[in-house]
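>>> Have a look at this prediction, sequence included:
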Amino acid sequence: MAITASRGTRAAKSTRIRGRGAINSHSPAHRHDGRLAWVLIAPALVGFVVFFLYPTLRGIYLSFTDFKVLTPPTFTGFDNFVRLFGDQVFWSSLGVTVYFVLLSVVFGMTISLVTAVVLHRLTSNTVVRGIIILPFLISGVVAATTWSWMLDSQLGVVNMLIEQLTGEPILFLGSRAWAIPSIAMISVWKSMGYNAIIIFAGLQTIPPTIYEAGRIDGANEVQMFRRLTLPLLRPILAMVLVLTVIGSFQVFDIVAVTTKGGPANASNVLQMYIYDKAFGQFDFGYGATMSLALFAMLIIITFLQMRLMRASESDTN
Amino acid sequence: MTTILKPTPRVTTEVLTTPERPKTPRGRTISRFSPGRAVAWLYIVIVLVVTVFPFYWMLRTAFSNNYSLIRDPGSLLPVDFTWGAFARVLGIASQEQSLAEGGSGASIEILHFLLNSVIYATVQTVAIVFFSTIAAYAFARLRWKGRDLMFSIFLAALMVPGILTLLPNFVLVKDLGLLNTFAGMILPTALFSAFNIFFLRQFMLGLSEEVEEAALIDGAGRLRVLFRITLPMTSGPIITLSILGFITAWNDYFWPLLVTSDDSVRPLTLALAVFKQSSPQASPDWAGLMAATLVAALPMLLLFLVFGKRIVNSIGFTGLK
């Protein structure tokens, strides 16, 4: 779901290329198109209305109600929102989530970009790119289970190494200070290759002649990276950034498997808290309110990022 | 292979035709052993090791005896090599056997969950790709009133995050009496995918219309044209979307978690999380857990062995669209 949302960047761009098949609109071949078209889009339309449009509107409505699933919702106006503003756990969850997003974005983007650029300079061997994509293929649950074993404070291999170096193990997933950085590390490990491949594909679209021109003008490697590569990559980087931010804001499976939000709410990310409220305490109304808050944040962030990165303008044109 | 690359031939032909060359992609010849290049290679090697090591560690732990792990936690090779962990998670080890090798006594009926995952991911993928393809054809080739409006509405769905739909969709599935059924797990994501429709429509618009027009003039019906001509020509992107869709469905955790409460239809990812969460905090059966993770990851790794290059190209390709 996170992925589909952010794909809008690319989508919006290509609406302009429309109506290419409009040449033959009067030909007899198109006489019965109308009826057939509705038959063909019927399943998608049903899916859109029943499982996307209706639930989205219902979600907005539910956030203004007291709803415990078993009894029908009762309208309570802005009660849930008032409660939200006074809810310490919600704000701490938001803080935890933002911290996680920042770590994932800063480290994830940097490592992906460096890896893509270095790979692009060194080799176009698909095997290497294939290997770095491996973590993307496995589920968050598998990744989280494996890493919680490797980060285990007593028998984990990472701690074996750390103990040899510093003499003391680190309670990665069991301490308040390390829980979120550890989860962010697992998340970056899992998504780095995927992002690097997208950036790599973007690098391949940059014509080599641009660099030749740059070299003739006397630019060095660093200058060319900053003045040519980065601006030309901006649309792709913006897309990867939006993907990463939106995905990170909704992180759930890694947290559910490694810490379940603990210790003492230290890794209680928003999605975890919403899940707890809705499915642990059956407080669906309040869960919907928090979802709506998260929803609004995601829309604002996407919008701001698009504006800041001016992603819809491609510099290559 | 060529069909899939059509819209952006430059990108992929470069990948396919230039395996090794003395020049960098920027066209400059550099000496093989410059210090910068050595550092760059070192970086790549580190990235590769960090990427692959957890997979190796899964393997190494899964073949270890869980009791012996405590004795030699840093060993790079399996400690007291045994198939026991796999026997435990497959449910073919007796209670005494598993306790003797450090199992927790808990087991996971992995074949049952594996089958659930296969059904869930396959039906879901086939349905969504099929429904997206026919919808994309209606948008790309047919002339009808409201087409552009409909398409804009579908596109808007790409921009709107799906987070708000989770709780209401759960209530809907519950009201329909579909909790703990494959239908309940699959339906919400089996009919409509804005991204798939958009992606396939773009590709279809790039195909030449001449063949289709000729078939229509020869008296073939629209549906016949769609299934006999357009569909085969679109097989590249269809396979791309199927692979990516299958990976997503196989690894899905949150939605199955919401709509299933017993083991009957639970997919493996979810069962694995339950197995992990229910393993004793004091001395977990790490060997068993790693054997189970390995079984859960295996189909994806096999998919990767078969379609590796295609997956890599698909991801880069979807990113450019």
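All right, it came through fine.

>>> What is the neighbour count of A:S267?
29 (other C-beta atoms under 10 Å in any protein chain shown). In this view, the C-beta of every residue, glycine as well, is placed from N, C-alpha and C.

>>> With B:L42 instead?
10.

>>> May I ask which helix or strand encompasses it?
helix B:35-62 (DSSP states H and E).

>>> what's the helix or strand for the residue nearest the centre of chain B?
Centroid-nearest residue in chain B, with C-alpha atoms, centre = their mean: B:I247, separated by 0.8 Å. Assigned by DSSP H and E, B:I247 belongs to helix B:235-251.

>>> and what of A:I41?
helix A:33-48.

>>> cool, and B:H112?
helix B:110-141.

>>> For that helix, give the mean pLDDT please.
Regarding helix B:110-141, the rounded mean pLDDT is 93.

>>> hang on, the earlier thing: and the helix holding B:L42 with chain A, contact?
Yes - applying C-beta under 8 Å from any C-beta of the partner chain, one finds that helix B:35-62 is in contact with chain A at B:37, B:40-41, B:43-44, B:47-48, B:50-52, B:54-55, B:57-58, B:61.

>>> Can you name every helix or strand that that helix contacts?
helix A:88-122, helix A:126-137, helix A:140-150, helix A:176-204, helix B:286-320 (3 or more C-beta pairs under 8 Å, 6 or more residues apart in numbering or on different chains; DSSP states H and E).

>>> right, and the helix or strand after it?
Immediately after helix B:35-62, counting by DSSP H and E, sits helix B:66-71.

>>> other SSEs contacting that following helix?
Using 3+ C-beta pairs under 8 Å, 6+ apart: helix B:66-71 touches helix B:286-320.

>>> what's the offset of the helix it packs on from the middle of its chain?
Put simply, helix B:286-320 sits 7 Å off its chain's centre (C-alpha atoms, centre = their mean, to the nearest Å).

>>> coming back round to it: list buried residues within the residues of helix B:35-62 next to chain A.
Those of the residues of helix B:35-62 next to chain A that meet the buried threshold are B:37, B:40, B:43-44, B:47, B:51, B:54-55, B:57-58, B:61, by 16 or more other C-beta atoms under 10 Å in any protein chain shown.

>>> In JSON lines: these, plus distance to B:G74 and pLDDT.
What follows is those, written out as JSON lines (distance: C-beta to C-beta, whole Å; pLDDT from 0 to 100):
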{"residue": "B:R37", "distance to B:G74": "34", "pLDDT": "84"}
{"residue": "B:A40", "distance to B:G74": "31", "pLDDT": "89"}
{"residue": "B:Y43", "distance to B:G74": "26", "pLDDT": "93"}
{"residue": "B:I44", "distance to B:G74": "26", "pLDDT": "92"}
{"residue": "B:V47", "distance to B:G74": "23", "pLDDT": "94"}
{"residue": "B:T51", "distance to B:G74": "21", "pLDDT": "94"}
{"residue": "B:P54", "distance to B:G74": "16", "pLDDT": "94"}
{"residue": "B:F55", "distance to B:G74": "18", "pLDDT": "94"}
{"residue": "B:W57", "distance to B:G74": "11", "pLDDT": "92"}
{"residue": "B:M58", "distance to B:G74": "16", "pLDDT": "91"}
{"residue": "B:T61", "distance to B:G74": "12", "pLDDT": "88"}
